[in-house]
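S.K.: how would this look folded up:
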Amino acid sequence: MDWEPVIGLEVHAQLKTDTKIFCGCSTRFGAPPNTHVCPVCLGLPGVLPVLNRKVVEFTIRMGLATHCRIERESRFARKNYFYPDLPKGYQISQYELPIATQGFVTIQTDNGPQRIGITRIHMEEDAGKLSHAPDRGVSLVDFNRTGVPLMEIVSEPDLRSPKAAGAYLRQLRAIVRYLGICDGNLEEGSFRCDANVSIRPRGSTELGTRTELKNLNSFKFVEKALQYEILRQQEVLADGGEVVQETRLFDAGTQRTHSMRGKEEAHDYRYFPDPDLLPLVIEKEWVEAVSASLPELPEQRRQRFEKDLGLPPYDAELLTSTKEVADYFEECLGHGAQPKAASNWIMGPLMGLLNARGATADASPVPAKALAELLRLIDDGRISGKIGKTVFEEMAASGKPPEAIVEEKGLVQVSDTASIEAVVDKILQRHPQEVEAYRGGKTKLFGFFMGQVMKETRGKANPKTVSEVLNKRL
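M.R.: Here you go, the predicted structure:
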């Protein structure tokens, strides 16, 4: 049977506030265990939560950026469950009345743009963190993360492939980073995802039994977990079995999912309005002020790069994937670089350098101005593109400007026709058989001659002049 996957994602983004959502404790990552805590986030008797205004503002920003309706009134609710990392015995979240609803984001797929619906965006507090020590037979709890503000983004079940799910996550991550509300760090858990997946016969409108996948801390793992789970469900149904509604964990080592527990329903959490927190009423003027402060977002920037700069869709998509890279690109243009040349060098040598060093574009060892100067040297014919790569590597290693490197190492391109003619004649005299073969119709040997001349001149000869002289001589 031809099966169709149905995927919905629940994304938790940790908001970049200095303090927690309901108290003044620090949200800084990496502090010693149980040092960023107070009676409020530890849930001690007699304390009351006070809402962090910045959390609300950041969530409004995300709601507007994803075309959501910002609800005038929303409520906090208690989500009741018992686990050692939850000191109050409940989590403060939002349930019936979230702050933002009915939005969407657009992703780029092999079949063109696709709109993915967003059911809701709501605020909630994070739980603590358990560390298991099997050799000691104990589990340790760190409450530093308890009360850290989270924004949960719940998609509609509009995704139909693991690849589309990955594209959706990358787009959400780009948006929160452009907005400056979340650092999007998957390794530290500040941007994490749970996936709900089911399958149904292609063409059917009924939803199958879904499973929830957890422990997905990279885009690659999200896609691999979904791929495995889709195949597993197909095999279960093909063998005459039934898919069980449950929560499953993804094991990165085996690339498989395994059962964790039965999947809870909303009624299992016994939601009810939190009596310690008033309904949240958001004035229209506040929403308008936040809307006016929004930056240009990834999708808008991508469209501008295509329309105004003439970049191919692939280039525009890659350059806008992070704000740092897009800013670097535009700074290059500001220093006179041509769009396509700058795009090629950023997507090639620069990305390779940054990946090798684990750096981001805003901390690049080759500043945007220096790259623009290098491209100008190539455009002016002072150095070849091949020599340009050598200069780029030296720029990254030494921090010197490109012109100084070219002068120091004598890398100026040879464009003098007489000098190049002498080298070409020398090469042709050295390879008489190849010359005869070329004149006999084996024109692919032209590349061989080009290579020999460039080798003889150590890459300094102007390729255009070499080509013209070779054509004339041959």
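
S.K.: What segments of the stretch 351-474 of the chain are helices?
M.R.: 351-357, 368-379, 385-398, 402-408, 417-430, 432-439, 446-456, 463-473 (DSSP state H, counting those that start in this stretch).

S.K.: So Pro273 versus His122, what's the distance?
M.R.: 14 Å (CB to CB, to the nearest Å). C-beta here means a position set from N, CA and C on the backbone, and glycine is covered the same way.

S.K.: on that earlier part again, could I get the helices of the stretch 351-474 of the chain in a markdown table, plus columns for mean neighbour count, mean pLDDT and distance to Ala225?
M.R.: Below are the helices of the stretch 351-474 of the chain laid out as a markdown table (neighbours: other CB atoms under 10 Å; pLDDT from 0 to 100; distance: least, CB to CB, whole Å):
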| stretch | mean neighbour count | mean pLDDT | distance to Ala225 |
| --- | --- | --- | --- |
| helix 351-357 | 13 | 93 | 24 |
| helix 368-379 | 20 | 94 | 38 |
| helix 385-398 | 18 | 90 | 37 |
| helix 402-408 | 17 | 87 | 45 |
| helix 417-430 | 15 | 85 | 57 |
| helix 432-439 | 13 | 88 | 56 |
| helix 446-456 | 16 | 86 | 46 |
| helix 463-473 | 16 | 84 | 48 |
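
S.K.: any idea whether Glu4 is helix, strand or coil?
M.R.: Put simply, Glu4 is strand when judged by DSSP: H, G, I helix; E, B strand; the rest coil.

S.K.: The host helix or strand of Gly166 packs against which elements?
M.R.: If you go by DSSP states H and E, Gly166 is part of helix 162-179. With contacts taken as 3 or more CB pairs under 8 Å, 6 or more residues apart in numbering; DSSP states H and E, helix 162-179 sits against strand 3-14, helix 53-65, strand 100-109, strand 112-125, strand 191-201, helix 219-238, helix 298-309, helix 323-334.

S.K.: Now render these as CSV, adding mean pLDDT.
M.R.: Below are the helices and strands packed on helix 162-179 laid out as CSV (pLDDT from 0 to 100):
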stretch, mean pLDDT
strand 3-14, 95
helix 53-65, 98
strand 100-109, 94
strand 112-125, 95
strand 191-201, 93
helix 219-238, 93
helix 298-309, 95
helix 323-334, 96
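
S.K.: is it possible to export these to a markdown table including distance to Leu140 and mean neighbour count?
M.R.: Below are the helices and strands packed on helix 162-179 laid out as a markdown table (distance: least, CB to CB, whole Å; neighbours: other CB atoms under 10 Å):
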| stretch | distance to Leu140 | mean neighbour count |
| --- | --- | --- |
| strand 3-14 | 21 | 21 |
| helix 53-65 | 28 | 22 |
| strand 100-109 | 36 | 19 |
| strand 112-125 | 21 | 19 |
| strand 191-201 | 21 | 21 |
| helix 219-238 | 25 | 18 |
| helix 298-309 | 39 | 17 |
| helix 323-334 | 36 | 20 |
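
S.K.: Taking helix 219-238 as reference, get the angle to the helix holding Gly166.
M.R.: Helix 162-179 runs at 150 degrees relative to helix 219-238, counting by axes from the mean of the first three to the mean of the last three CA atoms, to 10 degrees.

S.K.: Any stretches of the stretch 151-300 of the chain with poor pLDDT?
M.R.: Filtered on pLDDT under 70, the stretch 151-300 of the chain yields the residue ranges 263-264, 266.

S.K.: What residues does the most centrally placed residue in the chain make contact with?
M.R.: Nearest to the geometric centre of the chain sits Arg170, at 4.2 Å (CA atoms, centre = their mean). Applying CB atoms under 8 Å, 6 or more residues apart in numbering to Arg170 gives the contacts Phe219, Ser321.

S.K.: close enough to count as contact, Glu125 and Gln91?
M.R.: Yes: Glu125 is within contact range of Gln91, at 6.1 Å (criterion: CB atoms under 8 Å).

S.K.: show me what contacts the residue nearest to Leu172 when sequence neighbours are not counted?
M.R.: The shortest distance from Leu172 to any non-neighbouring residue, by CB to CB, 6 or more residues apart in numbering, is to Val11 (5.8 Å). For Val11, the contact set (CB under 8 Å, 6+ apart) comprises Glu152, Ile153, Val154, Ser155, Leu169, Leu172, Phe191, Arg192, Cys193.

S.K.: if we go to 6 Å?
M.R.: Counting by CB atoms under 6 Å, 6 or more residues apart in numbering, Val11 makes contact with Ile153, Leu172, Cys193.

S.K.: how about the helices of the stretch 351-474 of the chain in TSV, adding distance to Pro339?
M.R.: Shown next, in TSV, are those (distance: least, CB to CB, whole Å):
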stretch	distance to Pro339
helix 351-357	17
helix 368-379	11
helix 385-398	17
helix 402-408	19
helix 417-430	31
helix 432-439	38
helix 446-456	28
helix 463-473	22
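
S.K.: how close does Ser291 sit to Pro367?
M.R.: 34 Å.

S.K.: could I have the host helix or strand of Ala289 exported to PDB, CA atoms only?
M.R.: Element membership for Ala289, per DSSP H and E: helix 284-292. Presented in PDB, the C-alpha positions along helix 284-292 are these (Å, rounded to 0.1, in the frame of the first residue of the first chain):
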ATOM      1  CA  LYS A 284      -3.800  46.900  20.900                       C
ATOM      2  CA  GLU A 285      -1.300  49.700  21.200                       C
ATOM      3  CA  TRP A 286       1.300  47.300  22.600                       C
ATOM      4  CA  VAL A 287       0.900  44.800  19.700                       C
ATOM      5  CA  GLU A 288       1.200  47.700  17.200                       C
ATOM      6  CA  ALA A 289       4.400  48.900  18.900                       C
ATOM      7  CA  VAL A 290       5.900  45.400  18.800                       C
ATOM      8  CA  SER A 291       4.900  45.000  15.100                       C
ATOM      9  CA  ALA A 292       6.600  48.300  14.200                       C
END
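
S.K.: Which one of the helices of the stretch 351-474 of the chain lies nearest to Phe329?
M.R.: Proximity to Phe329 (CB to CB) singles out helix 368-379 among those, at 7.8 Å.

S.K.: Cool, thanks, talk later.
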